[in-house]
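**Student:** Fold the following.
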Amino acid sequence: MTPSDHLTPWGQQWKLRPGTTYLNHGSFGPPPIPVQFAQQEWRSRLDAQPMDFFFRELEPAWHQVLGVLARFTGTSPQNLALVDNATYAMNVVANSFPLGAADEVLVTDHEYGAVLRIWRRACAAAGAQEPVVAELPWPVESPEQIVEALAARATTRTRLLVVSHITSPTAWVLPVAAICRWAREQGIAVCIDGPHALVQLPLNIDALGCDFYTASCHKWLSAPFGSGFLYVAPEYQARVRPPVLSWGRLPPTNCRSWNDEFQWVGTRDPCALLAVPAAVDFLETVGMEAFRQQTHALARSARQQLVELTQLTPPVPDSTEWYVSMASVPLPAGEARQLQDALWQQYQIEVPIVDWKGQRSIRVSCHLYNTAADIERLLQALRQLL
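**Tutor:** Numbers count the residues shown, from 1 in each chain. This next block holds a predicted model:
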């Protein structure tokens, strides 16, 4: 059998390299064919008449994307800026948030490494100490334990909490609504790093009550690479500045709001961002709940079979409260990179083997193109390699 065996009709909308078993949508999620076509159509229009595209077509299309994303994420278009990815968005927040030498930024020990680097630099630039790291319980049984772990490390100097909606190294869903409620009571601003949560979870940013939300659309939404967004609560918008200053809006028009500054940051190809509505339309046609049910069922099956193989218990309960389309399972001790390379080189299986705080684990991502046969191939390979 080949990795495309028994694909659902939706799964057939992806054309992955023949022979590849791709279980790493969480790192780099390839776009389906309709989204590729949408991006190619925009690029053809750009290449055919750049002046008409940039001066007449771009701004209306840009605002259409903002409207689609605002509806999809539960906020207003005025609160969103289109950016290349979550890393870009997080840099904007770090460069804009008012930090003083006496202030503290609180993070968890599950944060993405690049995010930690961003905030270390921001704290150093402000003359503040390095970010304060809250260690989350391991294993964990309740959302209250997460909030308690953060509360134990917060002080009167804590100005900002940076927290993942779904963690990258461990694939945990964190209780960000409860975290935001606690933080508001303490007068602490919250920046949520959300690239994995978009689509895996229903998202209503306004209801969360966070101050900043960063996301990449190229992950679970399966928009083209180079598409993401930044949410900024109204009270912080006047402080936000793009890292690259250009016209914002092409002359003779002037910028009217904070997010206009992100529209024109120099000549570039914006077609990945303009294809985001095609990705939203594709997944809404599939049905968001249908997507979550199908991908969680496969991720849960993968988790159960991996546990049977390794006899090692995952640190979070077996529930959609803690994981959806991406499951992480501990592995026996060993070299993470060596195992990941062997899976690819010997079996053409693409899946991350994570070395996190001395614990080796496997993080399996399941999207619409993945099947039970993909999981069986992974299990067969691991039986040989472990």
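**Student:** Where does the nearest residue to Ala183 once chain neighbours are set aside sit: helix, strand or coil?
**Tutor:** The shortest distance from Ala183 to any non-neighbouring residue, by C-beta to C-beta, 6 or more residues apart in numbering, is to Val190 (4.8 Å). Glycine gets a C-beta too; all of them are placed from N, C-alpha and C. The three-state assignment at Val190 reads strand, by DSSP: H, G, I helix; E, B strand; the rest coil.
**Student:** what's the neighbour count on Val190?
**Tutor:** The local packing of Val190 (other C-beta atoms under 10 Å) involves 23 other residues.
**Student:** same thing with the one 3 residues further on?
**Tutor:** The burial count assigned to Asp193 is 30, neighbours taken as other C-beta under 10 Å.
**Student:** Now do the contacts for the closest residue to it other than its chain neighbours.
**Tutor:** Excluding the flanking residues, the one nearest Asp193 by C-beta to C-beta, 6+ apart is Ser164, at 4.8 Å. Counting by C-beta atoms under 8 Å, 6 or more residues apart in numbering, Ser164 makes contact with 108, 110-112, 115, 174, 192-194, 196.
**Student:** if we take those residues, which one ends up nearest to Ala233?
**Tutor:** Closest to Ala233 out of those is Ile192 (11.3 Å), distances taken as C-beta to C-beta.
**Student:** Please, where are all the helices along this protein?
**Tutor:** 33-48, 50-52, 58-73, 86-96, 113-125, 143-153, 176-186, 205-208, 271-274, 276-286, 288-310, 336-347, 372-385 (DSSP state H).
**Student:** distance of Leu66 from Thr170?
**Tutor:** 32 Å (C-beta to C-beta, to the nearest Å).
**Student:** likewise Ala272?
**Tutor:** Distance, Ala272 to Thr170, using C-beta to C-beta: 29 Å.
**Student:** For the residue positioned nearest the centre of the chain, give me its contacts.
**Tutor:** Nearest to the mean C-alpha position of the chain, by C-alpha atoms, centre = their mean, lies Pro195 at 1.1 Å. Residues near Pro195 by C-beta under 8 Å, 6+ apart: 85-86, 214-216, 219, 228.
**Student:** same check, this time on Ala333
**Tutor:** Arg360.
**Student:** List phi and psi for it.
**Tutor:** phi -60, psi 150 (degrees, to the nearest 10).
**Student:** next one: phi and psi at the residue with the largest distance to the centre of the chain?
**Tutor:** For the chain, the largest distance from the centre (C-alpha atoms, centre = their mean) belongs to Pro252, which lies 36.1 Å off. For Pro252, the backbone dihedrals (degrees, to the nearest 10) come out as phi -90, psi 10.
**Student:** How is this structure divided into domains?
**Tutor:** Split into domains by automatic domain parsing, the chain comes to 11-23+287-385, 39-282.
**Student:** For the ones you listed, give me TSV that also has distance to Pro31 and mean pLDDT.
**Tutor:** Converted to TSV, the domains of the chain look like this (distance: least, C-beta to C-beta, whole Å; pLDDT from 0 to 100):
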stretch	distance to Pro31	mean pLDDT
domain 11-23+287-385	8	97
domain 39-282	5	97
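**Student:** could I get those as a markdown table with distance to Gly29?
**Tutor:** Shown next, in a markdown table, are the domains of the chain (distance: least, C-beta to C-beta, whole Å):
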| stretch | distance to Gly29 |
| --- | --- |
| domain 11-23+287-385 | 7 |
| domain 39-282 | 5 |
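**Student:** Those domains: which one's closest to Ile33?
**Tutor:** Using C-beta to C-beta, the domains of the chain put domain 11-23+287-385 closest to Ile33, at 5.0 Å.
**Student:** Can you give me the end-to-end span of that closest one?
**Tutor:** End-to-end distance of domain 11-23+287-385 (C-alpha to C-alpha, to the nearest Å): 29 Å.
**Student:** now swap in stretch 78-91 and tell me
**Tutor:** 20 Å.
**Student:** quick one: buried residues of stretch 38-54?
**Tutor:** By 16 or more other C-beta atoms under 10 Å, the buried positions in stretch 38-54 come out as 38-39, 42-43, 45-46, 53.
**Student:** and that stretch, how far from the chain's centre?
**Tutor:** Centre-to-centre, stretch 38-54 and its host chain are 28 Å apart (C-alpha atoms, centre = their mean, to the nearest Å).
**Student:** can you list the residues that contact it?
**Tutor:** With C-beta under 8 Å, 6+ apart, stretch 38-54 has contacts from 31, 57, 61, 224, 250, 267, 269-272, 274-275, 277-278.
**Student:** separation between the residue nearest to the centre of the chain and Trp42?
**Tutor:** 23 Å.
**Student:** And for Arg292?
**Tutor:** Distance from Arg292 to Trp42, by C-beta to C-beta: 29 Å.
**Student:** and if you look at Ala275?
**Tutor:** Distance from Ala275 to Trp42, by C-beta to C-beta: 6 Å.
**Student:** what do you get for Gly194?
**Tutor:** 25 Å.
**Student:** Pull up the distance across stretch 126-140, start to finish.
**Tutor:** End-to-end distance for stretch 126-140, by C-alpha to C-alpha: 34 Å.
**Student:** gap between it and the chain center?
**Tutor:** Distance of stretch 126-140 from its chain centroid, counting by C-alpha atoms, centre = their mean, is 20 Å.
**Student:** What are the buried residues along that stretch?
**Tutor:** Buried, per 16+ other C-beta under 10 Å, within stretch 126-140: 126, 128, 131-132, 134, 136, 140.
**Student:** neighbours of Glu185, just the number please.
**Tutor:** Glu185: 9 surrounding residues under other C-beta under 10 Å.
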